[in-house]
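Asks: show me the folded form of this:
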Amino acid sequence: MPGYLIFEIEVTDEAAWRHYREFAGPIMAASGGRFVLSSDRIESLEGGWQPASISVVEFPSTDDARRFYHSAGYQKVVGLRQLASRGKGILVDA
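Replies: Numbers count the residues shown, from 1 in each chain. Down below sits the predicted model:
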């Protein structure tokens, strides 16, 4: 069963965000991850939730998603994401 990383992100530094994506994208792809969606076109329907953007990344399994997130390679770039944005992330087992 696939596993999904879902992030609500507000980019606060565009240049730093581009730098982060240069590194994170290849690490994610090598771990079997692929974007299902990434969008800033969001309509709030209930509860007043209005994230700046949402990204959903699918992995072959929850274990694969967890391994990617906690991998040494990705953990080296998490700080870049945190410098470039504010956000929240969850792991969902389908």
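
Asks: and the strands in the protein?
Replies: 3-11, 34-39, 54-59, 85-93 (DSSP state E).

Asks: quick check: Ile42 vs Glu10, distance?
Replies: 12 Å (CB to CB, to the nearest Å). C-beta here means a position set from N, CA and C on the backbone, and glycine is covered the same way.

Asks: same question for Val92.
Replies: In terms of CB to CB, Val92 sits 20 Å off from Glu10.

Asks: residue contacts, the closest residue to Leu80 other than its chain neighbours?
Replies: In this structure, Leu80 finds its nearest non-sequential neighbour in Tyr20, 4.0 Å apart by CB to CB, 6 or more residues apart in numbering. Residues in contact with Tyr20 (CB atoms under 8 Å, 6 or more residues apart in numbering) are 77, 80-81, 83-84.

Asks: highest neighbour count among the residues you listed?
Replies: Each of the contacts of Tyr20 was scored by neighbours using other CB atoms under 10 Å; the highest score is Arg81's, at 22 neighbours.
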